[in-house]
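Novice: Sequence unavailable; structure follows:
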């Protein structure tokens, strides 16, 4: 099947403007601006069933329809802060299919009446940002950005903004703080960004992959999009596959594809043919799925993954084989979360500090079974008490590793 | 020379991205400018940024402290930042970093004797399928180096000595 998002894999040089145009590029944006009312654009996206690809899976069209039309100006921001361990899809889109992403961002801006849009990239994507700046300049030159687009009363500018190394800025209100020139710490919600966002103005924030779907949905229709995937999870998704597989990488597949197909057909199976011990379907934030034949045949969509004890999130599938010890895994993930905790809420700041002390001790054979109990206790106490989702995420692997792989911890404290 | 004199054209371009009443948004790009030459933000530049954006020096310092890619101390000309997070570690990143330490004769966080490379261990760089990997942060910005081996890294270090990345 031809790719919808990773179209550059089918069409060489798609990151050149002439090639993108030749392949239908910007026709959807032009059609929207010249022939559709903004709310009609939102309706198409709503009807397509597209859900946010950053991890939360919130219905995109519904989010757009929440924009407060009594407060102006409006902004649209692309979240290109891709920082979840295990996620590496947005970078490929921006490097290889940048115009489709930018066209989606432009269409979204038109749909909500924004005349300025920002792309917030993680600071490490320095080269990607420079590349996008070139592509934006080419769009301006060609009349796809600027004043009175397509002879209509609609103007749009897109700017890139580089972060500087902070996982928390992937959280949308922390991202807005950062874009305003402050420390990237989440805001108390509500109000949500479609009511009070950037500079206090209504703002729509979506992930890069989400925007990249939009031109194809407008070009081919909501029904076409819904014909792919499952009833609860429409369309296609880029699965970032990593860990102990033979062929890690990004794979664009319809929702509902099984773990087995992703890991054994796309990823060519496990190194040295070893058995799989666990799957983390949502990166370091994920719960641990204990793998058996039934799990491998589980379709990867939002609802089905939940039935095997995890969330699909951003579909960053990390595969662990039988050589991996779970005390080592959570020592790694907690090292990450302790470092990345923004420090604003006590729960996450202190909780991760103490979890790190415990995972270090346990992993290095200096812990006791009481330490494991205490670690589980701390993690569970944190749940439901963090200011943002990222604090909650830090506890997922800890709780599910201890509960689902108790043998690993017995071994670690005995060793 | 003050930052706004030295980079007047670039600063103007940066400020044009944001609404004039919200020029504080420019603090992050200005910090990248400020550390371009020396690899860290010195006190003078911090003052300049505060003045240009009408914010306090404490505000500027708090941004430097919060984000890992800003530095307030001098290090090697290039910071070699190896990702050792879970997905990279599953593909040998820890062993790779250990061997780099041996080959460069430094511990993590230290700088080579010639002042060329500071070796660091960092959080996920979104290149999990191309590990072992690292980025270099230097005078020309940030560059990714993927599917790395110790041999290829040492070749890169030699090239950096000659001023080429």
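Specialist: Done, it's in. Everything numeric here is computed off the predicted structure, so don't read it as measured data.
Novice: and the residue most central in space within chain B, what pLDDT?
Specialist: Residue closest to the average C-alpha location in chain B (C-alpha atoms, centre = their mean): residue B:137, at 3.7 Å. Among the per-residue scores, residue B:137 holds a pLDDT of 96.
Novice: For it, name its beta-bridge partners.
Specialist: In this structure, residue B:137 bridges to residue B:79, residue B:142 when assessed by DSSP bridges.
Novice: you'd agree residue A:390 is in a helix?
Specialist: Yes. Applying DSSP: H, G, I helix; E, B strand; the rest coil, one finds residue A:390 inside a helix.
Novice: The residue nearest to the centre of chain B touches residue B:69, doesn't it?
Specialist: Yes. Counting by C-beta atoms under 8 Å, residue B:137 does reach residue B:69; the two are 6.8 Å apart. C-beta coordinates here come from the backbone N, C-alpha and C atoms, glycine included.
Novice: In three-state terms, label residue A:194 for me.
Specialist: coil.
Novice: Looking at it now. What's its pLDDT?
Specialist: At residue A:194, the model reports a pLDDT of 97.
Novice: Distance of the residue lying farthest from the centre of chain B relative to chain A?
Specialist: Here chain B reaches farthest from its C-alpha mean at residue B:21, the gap being 29.3 Å by C-alpha atoms, centre = their mean. Counting by C-beta to the nearest C-beta, to the nearest Å, the gap from residue B:21 to chain A is 8 Å.
Novice: What separation do you get for that residue and residue B:28?
Specialist: Distance of residue B:21 to residue B:28, given as C-beta to C-beta, to the nearest Å: 18 Å.
Novice: can you check residue A:244 too?
Specialist: Counting by C-beta to C-beta, the gap from residue A:244 to residue B:28 is 37 Å.
Novice: How about residue A:110?
Specialist: To residue B:28, residue A:110 is 28 Å away according to C-beta to C-beta.
Novice: For chain B, what lies in contact range of chain A?
Specialist: Taking C-beta under 8 Å from any C-beta of the partner chain as the contact definition, chain B meets chain A at B:17, B:19, B:22, B:24-29, B:31-32, B:53, B:55, B:62-63, B:66-70, B:85-87, B:89-91, B:122-129, B:135, B:141-144.
Novice: can you give me the helices for chain B?
Specialist: Here chain B has its helices, by DSSP state H, at B:3-6, B:8-15, B:27-34, B:43-53, B:57-66, B:86-89, B:93-104, B:150-161.
Novice: quick one, which of those is nearest to residue A:376?
Specialist: In terms of C-beta to C-beta, the element of the helices of chain B nearest to residue A:376 is helix B:86-89, at 19.8 Å.
Novice: residue contacts, residue B:104?
Specialist: Residue B:104 sits next to B:112, B:117, B:119, B:157 when contact means C-beta atoms under 8 Å, 6 or more residues apart in numbering or on different chains.
Novice: For the residue nearest to the spatial centre of chain A, give me its contacts.
Specialist: Compute the mean C-alpha point of chain A, and by C-alpha atoms, centre = their mean the closest residue is residue A:54, 2.4 Å away. Contact analysis of residue A:54 by C-beta under 8 Å, 6+ apart lists A:79, A:170, A:206, A:207, A:209, A:210, A:314.
Novice: go on, residue A:330?
Specialist: Residue A:330 makes contacts with A:359, A:397, A:398, A:401, as judged by C-beta under 8 Å, 6+ apart.
Novice: So which of those is the closest to residue A:175?
Specialist: Among the contacts of residue A:330, residue A:397 lies closest to residue A:175 (C-beta to C-beta), at 23.6 Å.
Novice: count of neighbours near that closest one?
Specialist: 29 (other C-beta atoms under 10 Å in any protein chain shown).
Novice: In this model residue A:201 seems to touch residue A:72, though I could be wrong.
Specialist: Yes. Between residue A:72 and residue A:201 there is a contact at 7.2 Å, judged by C-beta under 8 Å.
Novice: More neighbours: the two, which one.
Specialist: More crowded of residue A:72 and residue A:201, by other C-beta under 10 Å: residue A:201, with 17 against 11.
Novice: I figured that one hits residue A:70, correct?
Specialist: No. Assessed by C-beta under 8 Å, residue A:201 is found out of contact with residue A:70, at 11.4 Å.
Novice: May I see the buried residues of stretch A:202-216?
Specialist: A:202-216 (16 or more other C-beta atoms under 10 Å in any protein chain shown).
Novice: which among the residues you listed gets closest to chain B?
Specialist: Nearest to chain B out of these is residue A:208 (C-beta to the nearest C-beta; 11.4 Å).
Novice: residue contacts, that closest one?
Specialist: Applying C-beta under 8 Å, 6+ apart, we find residue A:208 in contact with A:53, A:78, A:79, A:80, A:82, A:90, A:93, A:94, A:101.
Novice: Could you rerun that using 6 Å?
Specialist: Contact partners of residue A:208, counting by C-beta atoms under 6 Å, 6 or more residues apart in numbering or on different chains, are A:78, A:80, A:90, A:93, A:101.
Novice: Report the two of those residues separated the most.
Specialist: The span of these, defined through C-beta to C-beta, is set by A:78 and A:93 at 10.5 Å.
Novice: Give me the more crowded residue out of those two.
Specialist: More crowded of residue A:78 and residue A:93, by other C-beta under 10 Å: residue A:78, with 30 against 26.
Novice: Test my guess that that one contacts residue A:119.
Specialist: Yes. If you go by C-beta atoms under 6 Å, residue A:78 and residue A:119 touch, sitting 4.5 Å apart.
Novice: Overlap in contacts, these two.
Specialist: Common contacts of residue A:78 and residue A:119 (C-beta under 6 Å, 6+ apart): none found.
Novice: Contact residues of chain A facing chain B?
Specialist: By C-beta under 6 Å from any C-beta of the partner chain, the residues of chain A that approach chain B are A:82, A:85-86, A:88, A:91, A:123-124, A:126, A:159, A:164-166, A:180-181, A:183, A:199, A:242-244, A:248-249, A:284, A:318, A:332, A:336, A:339.
Novice: Among those, which ones are in strands?
Specialist: Among the residues of chain A next to chain B, the members found in strands (DSSP state E) are A:159, A:242, A:243, A:249, A:318.
Novice: Low-confidence stretches in the chain?
Specialist: Picked chain A for this. Scanning chain A for pLDDT under 70 picks out the ranges A:415.
Novice: Please refer instead to chain B.
Specialist: In chain B, residues with pLDDT under 70: B:164-165.
Novice: Domains in it, by residue range?
Specialist: B:3-66, B:78-161 (automatic domain parsing).
Novice: pretty sure residue A:351 is touching residue A:384, no?
Specialist: No. Contact criterion C-beta under 6 Å: residue A:351 and residue A:384 do not qualify, at 12.0 Å.
Novice: Same drill for these two, tell me which one is more crowded.
Specialist: Between residue A:351 and residue A:384, counted using other C-beta under 10 Å, the more crowded position is residue A:351 (26 against 9).
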